[in-house]
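Chemist: mind looking at a prediction? Sequence and model below.
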Amino acid sequence: MLNLFELAGLELQREGKNPNNLKDLVKRVIFIRKWLDKHRISIANKIMAGDNIYHYKNRIKTYSKVC
């Protein structure tokens, strides 16, 4: 399992941004942490495993990967 800084670095790299920029990296880590606080960790695990659709409370949400 990746730690938040590794995950943030991967996301920035996929978006074509510099993953070594500390300011952007910390902002992304904060964003990911807030998302994890709002959602359950099981949803995050499903997304990391490749699922594109997940249930959150009474809603069905979609997630599309940025390549």
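Modeler: Sure, I can see it. Since the structure is predicted, the reported quantities are computational estimates derived from the model, not experimental observations.

Chemist: list the contacts of Leu7.
Modeler: Contacts for Leu7 (C-beta atoms under 8 Å, 6 or more residues apart in numbering) come out as Ile32. C-beta: built from backbone N, CA, C; applies to glycine.

Chemist: can you check the pLDDT for it?
Modeler: pLDDT for Leu7: 82.

Chemist: mind checking which helix or strand it is in?
Modeler: For Leu7, the host element (DSSP states H and E) is helix 4-14.

Chemist: just after that helix, pick out the following helix or strand.
Modeler: Per DSSP H and E, helix 4-14 leads on to helix 22-38 as the next helix or strand towards the C-terminus.

Chemist: just the CA trace of that next one, in CSV.
Modeler: Extracted C-alpha coordinates of helix 22-38, given in CSV (Å, rounded to 0.1, in the frame of the first residue of the first chain):
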residue,chain,number,x,y,z
LEU,A,22,7.1,20.3,-2.5
LYS,A,23,4.3,22.9,-2.4
ASP,A,24,2.2,21.0,-5.0
LEU,A,25,3.0,17.7,-3.3
VAL,A,26,1.8,18.9,0.1
LYS,A,27,-1.4,20.4,-1.3
ARG,A,28,-2.2,17.1,-3.0
VAL,A,29,-1.5,15.1,0.2
ILE,A,30,-3.9,17.4,2.0
PHE,A,31,-6.6,17.0,-0.7
ILE,A,32,-6.2,13.2,-0.6
ARG,A,33,-6.4,13.1,3.2
LYS,A,34,-9.6,15.2,3.2
TRP,A,35,-11.1,12.9,0.6
LEU,A,36,-10.2,9.8,2.7
ASP,A,37,-11.8,11.5,5.8
LYS,A,38,-15.0,12.0,3.8
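
Chemist: and that helix, what's buried?
Modeler: 24-25, 28-29, 32 (16 or more other C-beta atoms under 10 Å).

Chemist: other SSEs contacting it?
Modeler: When contacts are defined as 3 or more C-beta pairs under 8 Å, 6 or more residues apart in numbering; DSSP states H and E, helix 22-38 sits against helix 4-14.

Chemist: one step back: for the buried residues of helix 22-38, give me JSON lines that also has distance to Asn45 and pLDDT.
Modeler: Shown next, in JSON lines, are the buried residues of helix 22-38 (distance: C-beta to C-beta, whole Å; pLDDT from 0 to 100):
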{"residue": "Asp24", "distance to Asn45": "25", "pLDDT": "93"}
{"residue": "Leu25", "distance to Asn45": "22", "pLDDT": "93"}
{"residue": "Arg28", "distance to Asn45": "19", "pLDDT": "90"}
{"residue": "Val29", "distance to Asn45": "18", "pLDDT": "91"}
{"residue": "Ile32", "distance to Asn45": "14", "pLDDT": "84"}
